[in-house]
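Asker: Task: produce atomic coordinates for the following.
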Amino acid sequence: MSVETHKETLGFQTEVKQLLQLMIHSLYSNQEIFLRELVSNASDAIDNLRFQAIARPELLEGQGEPRIRISTDKDAGTVTIEDNGIGMNRDEVVANLGTIARSGTAELLRGMTGEQKKDSQLIGQFGVGFYSSFIVADKVEVFTRRAGAPADEGVHWSSNGEGEFDIATLDKPEPGTRIVLHLKEDTREFADDWRLRGIIKRYADHIGAAIEMPKQDDDGKAGDEWESVNDASALWTRPRNDVTDEEYRSFYQHTAHDFEDPLAWSHNKVEGNLEYTSLLYVPGRAGFDLYHRDASHGLKLYVQRVFITDRADQFLPHYLRFIRGVVDSSDLSLNVSREILQNSPVIGSMKTALTKRVLDMLGKLANDDAEKYAKFWDQFGEVLKEGPAEDFGNTEKIAALFRFASTFDDSGKPSVALADYVGRMKDGQDKIYYLIGESHTQLQGSPHLEVFRKKGVEVLLLSDRIDEWMMGYLREFDSKSFVDISRGDLDLGSLDSSEDKAALEEAAKASEGLVGRIKTALGDQVSDVRVSHRLTESPAVLAAGEHDVGAQMRQILEATGQSIPESKPVFEFNPGHPLIERLDRESDGERFSALSHILFEQASLAAGHGLKDPAGYVGRLNKLLIELAG
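Answerer: Model prediction:
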């Protein structure tokens, strides 16, 4: 063995230590996953070398055909995985094997509960990569040299997976990476050649590079020759009829580093003016970096089966960033740059087509499997709601995929499609009514719903943080415009009978004096006071101006440092309510003002708004209660 120099012992990043401990204890029932992760890393290293060799062909000198070699030693209890990919230099080894730079690490660790099943699902979302070695090994050694570096810049890394790792420089004649796993006593089953062959067939048969193992003689002993144990054909290049569902699922888990099965996939080959193949997947669970703006998302891009990048985000709009998969183009050059990807008309055409394909795939999932689609909506619904603002041309198609809670279903689950709502619309109804609030519970009890319940008109209940912003871009569906029932002077059109309209006019006229007195009492707290068309049971409600910024949007804008002019609500009252009738009879000016403020503050609470003067409200209410008790 070569003499080692520049030896040093370094400590793992704190997050690595935590992840290693949690992972080892959470994944012991799924130990074989280590081989899938390490083979996947080796495949990525080979792809990376081929890509860098486009600009620097000398990197491939002496490398031979791309291959991954796996061997076992039962007596020593070791498994060795070796590739002739890009390899690593000393700094890269420290960075890649000693730290976790991936965004979302903190969220992952906070989400860990100690419950094996839940924790394994969380780790599956995050991906475990190299650290999966320690599920089966109590010591791991890595021998690596970066392609293009001299032989004396090889690196030896070793660790027992606890607090520290050793790193040294040594001679390594060939570039690439060799990982030696020293198996634990209770995991020595993985030192069996046939055991590993079975795992490779299940998890890695589709990998493009050849996976080789020592050829067995008639007695089952390993010889000096190597034989390929996988098909070594890129799965997306095969005809769809030749690929089984299990192979599609396995490829997804490989390419997405996910433990769970995808919810759906679409495999398509395009020929004609453009030639490319796409294999797109809908994951079963959102990754931790879904809402990180600085996180990289996108598809794996190949050009003529040569790997280019695993984060090509130019092929799908940002609101579809959760989609995983591969696109392989025959129309791009091998030295394609990020600038070309951003500006090429070819990319624009592919993006349009791939976006349509994803939306069609989601539509099919929604139609064919309501349970799976409900799972999709729970994980990715808020991201999809970014669509109308980003992709105006597909607004109707995106909106058809939305699911809402509504007054039609008391469960509070977002299960109502807009097509369902339109199909249930009342005779004469030409609007889609909705209400936005902080929570479903608050919305269900909103006074704004009273007239709609009385008339049996369905209202969509929107409580996601993004909803008010989204509805600013979602103006209509199926030629029916959307109406926020908490804004403006409510007009139900032909849903109101002539008798309803006459009664409202008569009530407004009869209450003109009361309107003036309440305006005086509330002063500049309101922009107007009027008789309400919304109420059938409550005494009062607050309505927003037609163009005022709502509470949800105000929070979003203020969180970004923008100051929003304060808007004042309209105070609407129900003249037939006993409290309003009592208020109208009140002759004492001070008492009238106090009662008006209590009604205003109660309406503010019912709308989900905070009180500007909680102490004043409590004082007024206590005084009223004392009078009533006396």
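Asker: Please make it C-alpha for all contacts and neighbour counts, starting now.
Answerer: OK.
Asker: Would you mark the buried spots in stretch 436-453?
Answerer: 436-438, 440, 442-444, 446-452 (16 or more other C-alpha atoms under 10 Å).
Asker: just checking, next helix/strand downstream of the one helix or strand in the chain whose mean pLDDT sits lowest?
Answerer: Scoring the helices and strands of the chain by mean pLDDT, DSSP states H and E places helix 116-126 at the bottom, with a mean of 44. Downstream of helix 116-126, the next assigned helix or strand under DSSP states H and E is helix 133-136.
Asker: what residue ranges in the stretch 301-450 of the chain score low on pLDDT?
Answerer: Residues of the stretch 301-450 of the chain meeting the criterion pLDDT under 70: 335, 338.
Asker: can you map out the helices along it?
Answerer: 338-343, 345-368, 370-384, 387-390, 395-399, 418-423, 440-444, 450-455 (DSSP state H, counting those that start in this stretch).
Asker: The stretch 1-150 of the chain too?
Answerer: Using DSSP H, counting those that start in this stretch, helices in the stretch 1-150 of the chain cover 14-26, 33-55, 90-98, 105-111, 116-126, 133-136.
Asker: Least confident of these, on average?
Answerer: Comparing mean pLDDT across these, the weakest is helix 116-126, with a mean of 44.
Asker: Excluding its own residues, what touches stretch 487-502? List them.
Answerer: D427, G428, Q429, H533, R534, A543, A544, G545, E546 (C-alpha atoms under 8 Å, 6 or more residues apart in numbering).
Asker: how about a cut-off of 10 Å?
Answerer: Defining contact as C-alpha atoms under 10 Å, 6 or more residues apart in numbering, one finds that stretch 487-502 is touched by 426-431, 433, 435, 448, 451-452, 455, 457, 483-485, 503-508, 530-534, 542-548, 550, 569-570, 572.
Asker: Remind me what the strand or helix carrying I598 packs against, helices and strands.
Answerer: Element membership of I598 [criterion: DSSP H and E] is helix 589-606. Applying 3 or more C-alpha pairs under 10 Å, 6 or more residues apart in numbering; DSSP states H and E, one finds that helix 589-606 contacts helix 440-444, helix 512-522, strand 540-543, strand 570-573, helix 578-585, helix 614-629.
Asker: Deepest-packed of these, please.
Answerer: Of all those, strand 540-543 carries the top mean neighbour count, a mean of 27, counting by mean count of other C-alpha atoms under 10 Å.
Asker: For that one, which strands pair with it and how are they oriented?
Answerer: Strand partners for strand 540-543, identified by DSSP bridges, are recorded as strand 570-573 (antiparallel).
Asker: Could you list the residues in contact with the strand it pairs with?
Answerer: Under the contact criterion C-alpha under 10 Å, 6+ apart, strand 570-573 has outside partners 487-489, 511, 515, 518-519, 522, 525-535, 538-545, 579-580, 599-600, 603-604.
Asker: So what's the gap between that strand and the chain middle?
Answerer: When C-alpha coordinates are averaged (C-alpha atoms, centre = their mean, to the nearest Å), strand 570-573 and its chain have centres 40 Å apart.
Asker: do the same with stretch 161-175
Answerer: With C-alpha atoms, centre = their mean as the basis, stretch 161-175 stands 37 Å off its chain's centre.
Asker: How many neighbouring residues does A151 have?
Answerer: Neighbour count for A151, taken as other C-alpha atoms under 10 Å: 16.
Asker: Please report how far it lies from R145.
Answerer: For A151, the distance to R145 equals 7 Å [C-alpha to C-alpha, to the nearest Å].
Asker: Overlap of the contact sets of the two?
Answerer: Common contact partners of A151 and R145 (C-alpha under 10 Å, 6+ apart): L170, D171, K172, P173, E174, P175.
Asker: tell me the SS of the residue nearest to the second one when sequence neighbours are not counted?
Answerer: Residue nearest to D171 in three dimensions, not counting chain neighbours: D152, with 4.2 Å by C-alpha to C-alpha, 6 or more residues apart in numbering. Secondary structure, DSSP: H, G, I helix; E, B strand; the rest coil: D152 is helix.
Asker: D152 touches R145, doesn't it?
Answerer: Yes: D152 is within contact range of R145, at 8.8 Å (criterion: C-alpha atoms under 10 Å).
Asker: Mind putting the shared contacts of A151 and R145 into a markdown table with neighbour count and secondary structure?
Answerer: Formatted as a markdown table, the shared contacts of A151 and R145 follow (neighbours: other C-alpha atoms under 10 Å; DSSP: H, G, I helix; E, B strand; the rest coil):
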| residue | neighbour count | secondary structure |
| --- | --- | --- |
| L170 | 22 | strand |
| D171 | 20 | coil |
| K172 | 21 | coil |
| P173 | 12 | coil |
| E174 | 18 | coil |
| P175 | 27 | coil |
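Asker: for the stretch 501-630 of the chain, which spans come out with low pLDDT?
Answerer: 552, 556-559, 630.
Asker: Any stretches of the stretch 151-300 of the chain with poor pLDDT?
Answerer: Within the stretch 151-300 of the chain, the stretches with pLDDT under 70 are 219-220, 293-295.
Asker: Quick check: the gap between L183 and D73.
Answerer: In this view, L183 and D73 are 10 Å apart by C-alpha to C-alpha.
Asker: actually A264, not the one I typed
Answerer: Applying C-alpha to C-alpha, the value for A264 to D73 is 40 Å.
Asker: what's the distance between A191 and T78?
Answerer: For A191, the distance to T78 equals 6 Å [C-alpha to C-alpha].
Asker: overlap in contacts of those two?
Answerer: Joint contacts of A191 and T78 (C-alpha under 10 Å, 6+ apart) are S71, T72, L181, H182, L183.
Asker: quick one: the first one and D193 touch, right?
Answerer: Yes: S71 is in contact with D193 according to C-alpha under 10 Å; the separation is 7.3 Å.
Asker: Any idea which of the helices and strands packed on helix 589-606 gets closest to I466?
Answerer: With C-alpha to C-alpha, the closest approach to I466 among the helices and strands packed on helix 589-606 belongs to helix 440-444: 14.4 Å.
Asker: S479: neighbour count?
Answerer: Neighbour number of S479 under other C-alpha under 10 Å is 10.
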